[in-house]
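Participant: Got a sequence here, can you build the structure:
(one chain, ligands or ions: 2)
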Amino acid sequence: MSAHLNAALREGDNPELTEERRKATFDTRKLADEFFGSHLARRRREIAKAIDAIPELHDTKPLPFMTREEKVEEAARKVFTLSKHITDIVDLSNNRETQSLNEMVIGIEGMPISLHFAMFIPALQGQADDEQKREWLDRAIRMEIIGTYAQTELGHGTNLRMLETTATYDKQNKEFILNSPTLTSLKWWPGNMGKSCNYAIVVANLIIDDKLLGPHSFMVQLRDENSHETMPNIQIGDIGPKMAYNSSDNGFLKLSNLRIPRRNMLMKHAKVQEDGTYKKPPHEKLAYSAMVHVRSHMITQHAMLLAYALSISTRYSCIRRQGYIDPKKDEVKVIEYQTQQHRLFPHIARAYAFAFAGTESIRKFEIMKRSLEAGNIELIADLHALTSGLKAVVTYLAGQGIEQARQACGGHGYSMASYMGEIYGVGIAGCTYEGENLVMMQQLGRYLIKAVKSVKEGKKPTGYVAYLAHAGQRHSLIDCRPNEGYAEHIRAFEHIARRQTFRAAERLQKYENSGLSTEQAWNNCTVELNRASRLHTRLFIACNFYERVLDVEDMAVREVLEDLLHLHLNYELIDIASYALEAKKIRPNAVSLVDSWEITDREHRSVLGRRDGHVYENLFKWAKSSDLNQNDVLPSHKKHLLPMMLNARKQSKL
Ligand SMILES: CCC/C=C/C(=O)SCCNC(=O)CCNC(=O)[C@H](O)C(C)(C)COP(=O)([O-])OP(=O)([O-])OC[C@H]1O[C@@H](n2cnc3c(N)ncnc32)[C@H](O)[C@@H]1OP(=O)([O-])[O-]
Ligand SMILES: Cc1cc2nc3c(=O)[nH]c(=O)nc-3n(C[C@H](O)[C@H](O)[C@H](O)COP(=O)(O)OP(=O)(O)OC[C@H]3O[C@@H](n4cnc5c(N)ncnc54)[C@H](O)[C@@H]3O)c2cc1C
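Facilitator: Numbers count the residues shown, from 1 in each chain. Ligands and ions are numbered 1, 2, ... in the order given. Here you go, the predicted structure:
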C-alpha cells in the first residue's frame, strides 16, 4: 500500500511510528469499517471531531491525578455539558454511537447515568407494560428521572432465588410493602444508587397470601425529584472506593416497610391483579431480561477495552528501544523481540475476533427481542446460553490480554501515565458483574448437557450445538493437517469441544447412576462442564471470525484479517491442544492493525499510547504535573518524616 493512503500518517509524528505506518499493506480506514461496521466507524470520526470543538467536554486534568470526589464531580459536569450538546452529536436511539461518545468524553471509569442507560431503561423496555412505559420510560429517556437496577444484596448476588428483599402484597390497600428484613438483605453494589439516582428498579421476592412467588421487579422512588433528598422509609449511600470505576457511586439501599402502589410492579409479563390474583409470565426467566441485554452488549465493550490496551502497548513497543539483536547495529525497537510479538499479536487477533463475536451477540439479542414482541419465547434459552458463555470467556481472556499488554510496556506500563491499571481494573470487573464467570459457564453447561441428551436420543440439535451430532471421524488431532484450510481448523476445534462435552456428560451420568442426587452429581462435574462451556464458546468465536473474514470484499483488508485469523486459530488450538504457531506475518502491520481501531488520544488517556509517539517528553510533563510536585517539600514530610530525621540526628549527636 502506498504510504499516503494510510489515514494515520501525520506530519511531526515520532519517526519511529511513521516508519511503521509506511509499511501497512492495507488502508486502516477500511479495516476500521470492518471492525466497527462502516456506519459506526464513520460516526466515531464525526463524534471525535465534534468533541474536539467543545472544550467543556475535555478532561480538566488527567483522571489519575484526581481524587475520587473530583472524579465524581468531573463526570457529573461532563454529563450536564453533554446534555446540552448530545442531540447535535449522536443519534440517541443508537446505543453504540452513544456508547462511543461516552467513552470519548467521560471515559471508562463510570458516570452518574451509566446504569440509567445500561439497565434501568432496558429493564423498563423489557418488563413494563404499555401504560407503565408511558408513565416512566419517556421521562427516563428525556432524563427527567435517573434510575438504576437494584438486584444484588450484601448477602446474595448470584443466587437470585434467595434474595431477601420482600415485596408483600397488601390486598386491602392495593399496595406492595417493600422491606429489607436483615442486614444481608441490604441492596449492595447497584451503580449510581449511592448519590446520583432518584429512582430504582428494585428486584424483590414477591409474596401474596404468604406464598413466595420468586424475584420480581418494582419501581421505587429513592429521592425527591426537586430536593434530591432521600424519601421516607429509605436509607441509601455510597459503598466506598473500589479497585476501579471510582467515578461511579455504587450504592447500598435499605427499605423499611416502604409502601408502593400495586402498579409499581413491572407488569408486562407477570401480573398481580387488585384482588391479589397472580398471573405467571410466559417464560419463567423473563424478569432477567435486563441482564441478558447487558451481557449481549458486554462483548463489544470488552473487545474495545482490550483494543485500548493493545494499541497503547503496540505503539509504545515501536518507540521503545532497548537491547540488541545484532550487536553491531543500533538498539532495537522492543517489538522486534519474538517474545514481545508472541505476547501481543495473539491478543490483537483476539480483539478482532471478540469484536466480531460482539456484533453477532447484539444482532442475536435484537432478533430475540423482536420475536419476543411477537409472542415467541423460543429464542430466549439459546440467547441466554450464548451470552452466558461469551460474557464469561471474553471478559476473562480480555483481562488476560490487558495484563499482557501492561507487562509489555515494562516499568512505564505500571505508571498510571499508561492508563493500563484503570483499563485492567474496569476490564476484570466484567468477570464478576452480570453474573460471576464460573457461574455463567455452568448456565451454558446445562444447555450443552441437554444437547448431548438429545443427540443420544437420536435427534439432531440445530444452531450452535449442531456440531455435537456430527460423528467425529478422527479421534486425535494427529490426523489434522492445517494445510487443508481454515475449515479444517474449525473441524479440529469442533472435535475438541465435542469430545470434552461428551466427556463431561458421561461423567455426570456416571455420578447420577451411582445414586448421587442431581445437584451433588452436577457439583462433582462442574470443572469438566465449565471446560466444555469454555471450549464451546471459543469454537463459536473462532467460527464466527472465520465466517466474517469470508465476507470481506476489500482484498488488502481481507488478506490482513486472514493473517489474524490464521494466528487466532493456531494460537487458540495451541492453547487448547498442541499445535503450530505462526506470528511473523503480522509484524509489518502491527501498528496499522491497532491504528485501525481509530482510538483518539482523548479516548486513550494514555501517555504511552499517544498516536504521535512522542512518549518521553510527555512522560516528563506528566510527572511534573503530579500534585505531589506542587510543593518542593510536602506538608506531610514536614509533619512526620522531617521531625523523625531531625530527632534521629539529635540522638546520634548525644
Ligand atoms: C454496567 C453493568 C453493571 C453491572 C450490573 C449488574 O451486575 S446487575 C446484577 C447482575 N446479576 C447477575 O447476573 C446474577 C447472576 N445470577 C443469575 O443470573 C441467576 O441466578 C442464575 C442464572 C445463576 C441462576 O438462576 P436460577 O437459579 O433462577 O436458575 P437455574 O440455574 O436453576 O436455571 C433454571 C433455568 O432457567 C434458565 N435461565 C436462567 N437465567 C436465564 C435467563 N437470564 N434467561 C433465560 N433463561 C434463564 C436456565 O438456563 C435454566 O434452564 P433449564 O436448564 O432448566 O432449561
Ligand atoms: C463493578 C460492579 C458493578 C456492579 N453493579 C451492579 C448493579 O448495578 N446492580 C446490581 O444489582 N448488582 C451489581 N453488581 C453486583 C454483581 O452483579 C454481583 O457481584 C455478581 O453477580 C456476583 O455475585 P456475588 O457477588 O454474589 O458473587 P458470589 O456468588 O458470592 O461469588 C463468590 C464465589 O462463589 C462462587 N459461586 C457462587 N455460586 C456458585 C455456584 N452456584 N456454583 C459454583 N460456584 C459458585 C463464584 O464462582 C465465586 O468464585 C456489581 C458488581 C460490580 C463488581
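
Participant: Tell me how many other residues surround the closest residue to L82 other than its chain neighbours.
Facilitator: In space, and not counting its chain neighbours, L82 is closest to V105: 6.2 Å by CB to CB, 6 or more residues apart in numbering. Where you see a C-beta, it was placed from the backbone N, CA and C, and this is true even at glycine. Around V105 there are 25 other residues, counting by other CB atoms under 10 Å.

Participant: V105 and V560, how far apart?
Facilitator: 31 Å (CB to CB, to the nearest Å).

Participant: so how far is I121 from the residue lying closest to K195 once chain neighbours are set aside?
Facilitator: Counting by CB to CB, 6+ apart, K195 lies nearest to D249, which is 4.4 Å off, once chain neighbours are set aside. Distance, D249 to I121, using CB to CB: 19 Å.

Participant: which one of the two has more residues nearby?
Facilitator: The neighbour comparison of D249 against I121 (other CB under 10 Å) goes to D249, with 27 against 21.

Participant: Go ahead and confirm E16 touches D612.
Facilitator: No: at 10.6 Å, E16 and D612 do not qualify as touching, with contact defined as CB atoms under 8 Å.

Participant: Confirm that L206 sits in a helix.
Facilitator: No: using DSSP: H, G, I helix; E, B strand; the rest coil, the secondary structure at L206 is strand, not a helix.

Participant: Next, count neighbours for it.
Facilitator: The number of residues packed near L206 is 22, by other CB under 10 Å.

Participant: That one is in contact with L178, isn't it?
Facilitator: No: using CB under 8 Å, L206 makes no contact with L178, being 10.5 Å away.

Participant: residues bridging contact with those two, i.e. touching both?
Facilitator: Common neighbours of L206 and L178 (criterion: CB atoms under 8 Å, 6 or more residues apart in numbering): A167.

Participant: Quick one: name the residues of the stretch 201-350 of the chain near ligand 1.
Facilitator: Residues of the stretch 201-350 of the chain lying near ligand 1 by CB under 6 Å from any ligand atom: K285, Y288, M291, V292, V294.

Participant: Any chance of the residues you listed in TSV with distance to A505, pLDDT and secondary structure as columns?
Facilitator: Converted to TSV, these look like this (distance: CB to CB, whole Å; pLDDT from 0 to 100; DSSP: H, G, I helix; E, B strand; the rest coil):
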residue	distance to A505	pLDDT	secondary structure
K285	23	88	coil
Y288	26	91	helix
M291	27	95	helix
V292	25	95	helix
V294	30	97	helix
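
Participant: which intervals of the stretch 501-650 of the chain have sub-threshold pLDDT?
Facilitator: Where the stretch 501-650 of the chain drops to pLDDT under 70, the residues are 577-584.

Participant: How about the contacts made by the residue in it that ligand 2 sits nearest to?
Facilitator: Using CB to the nearest ligand atom, T526 is the residue of the stretch 501-650 of the chain that sits closest to ligand 2, at 6.3 Å. Listed by CB under 8 Å, 6+ apart, the contact set of T526 reads L438, Q442, G445.

Participant: Next, work out how far apart the second one and ligand 1 are.
Facilitator: Taking CB to the nearest ligand atom, to the nearest Å as the measure, Q442 and ligand 1 are separated by 7 Å.

Participant: ok, that residue to M267 distance?
Facilitator: According to CB to CB, Q442 and M267 sit 31 Å apart.

Participant: Please apply the same query to G157.
Facilitator: Counting by CB to CB - G157 and M267 are separated by 25 Å.

Participant: Could you check which of the two is surrounded by more residues?
Facilitator: M267 (20 against 17).

Participant: Look up the closest residue to that one, ignoring the ones flanking it.
Facilitator: Setting aside the residues directly before and after it, M267 is nearest to D129 in space (CB to CB, 6+ apart), at 4.9 Å.

Participant: What strand or helix carries the nearest residue to Q400 once chain neighbours are set aside?
Facilitator: Using CB to CB, 6+ apart and skipping residues adjacent in sequence, the residue nearest Q400 is H347, 8.0 Å away. Using DSSP states H and E, H347 sits within helix 338-373.

Participant: for P232, same thing?
Facilitator: P232 is part of no helix or strand, with elements assigned from DSSP H and E.

Participant: ok, it - how many residues close by?
Facilitator: So P232, with other CB under 10 Å, has 8 neighbours.

Participant: go on, E617?
Facilitator: By the criterion of other CB under 10 Å, E617 has 9 neighbours.

Participant: got the CA positions of the helix or strand hosting it in CSV?
Facilitator: Secondary structure from DSSP H and E places E617 in helix 615-624. Extracted as CSV, the C-alpha positions of helix 615-624 are listed here (Å, rounded to 0.1, in the frame of the first residue of the first chain):
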residue,chain,number,x,y,z
VAL,A,615,6.2,9.5,24.7
TYR,A,616,9.2,10.5,26.7
GLU,A,617,8.8,14.3,26.7
ASN,A,618,5.1,13.8,27.7
LEU,A,619,6.0,11.4,30.4
PHE,A,620,8.2,14.1,31.9
LYS,A,621,5.4,16.6,31.6
TRP,A,622,3.1,14.1,33.3
ALA,A,623,5.4,13.6,36.2
LYS,A,624,5.8,17.4,36.7
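
Participant: just checking, what packs against that helix?
Facilitator: Of the remaining helices and strands, none touches helix 615-624 by 3 or more CB pairs under 8 Å, 6 or more residues apart in numbering; DSSP states H and E.

Participant: Work out the gap between the helix or strand following that helix and the centre of the chain.
Facilitator: Downstream of helix 615-624, the first helix or strand assigned by DSSP H and E is helix 635-636. Centroid separation between helix 635-636 and its chain, computed with CA atoms, centre = their mean, to the nearest Å, is 40 Å.

Participant: Name the next helix or strand downstream of helix 635-636, please.
Facilitator: Toward the C-terminus, helix 635-636 is succeeded by helix 642-653 as the next helix or strand (DSSP H and E).

Participant: Determine how far that next one lies from the middle of the whole chain.
Facilitator: 53 Å.

Participant: And stretch 326-338, by the same measure?
Facilitator: For stretch 326-338, the distance to the chain centre is 36 Å (CA atoms, centre = their mean).

Participant: Look at that stretch and report the distance between its end residues.
Facilitator: One end of stretch 326-338 to the other measures 14 Å (CA to CA, to the nearest Å).

Participant: what does that stretch contact?
Facilitator: Outside stretch 326-338, the residues that touch it by CB under 8 Å, 6+ apart are 16, 314, 317-325, 340-341, 344, 408, 410, 587, 590.

Participant: between the stretch of helix or strand N544 belongs to and helix 338-373, how many degrees?
Facilitator: Secondary structure assignment for N544, by DSSP H and E: helix 526-550. Per axes from the mean of the first three to the mean of the last three CA atoms, to 10 degrees, the angle that helix 526-550 makes with helix 338-373 is 90 degrees.

Participant: following helix 526-550, which helix or strand shows up next?
Facilitator: helix 555-576.

Participant: Distance from the chain centre to the following helix or strand past that following helix, please.
Facilitator: The helix or strand immediately downstream of helix 555-576 is helix 590-595, counting by DSSP H and E. Computed by CA atoms, centre = their mean, the chain-centroid distance of helix 590-595 equals 22 Å.
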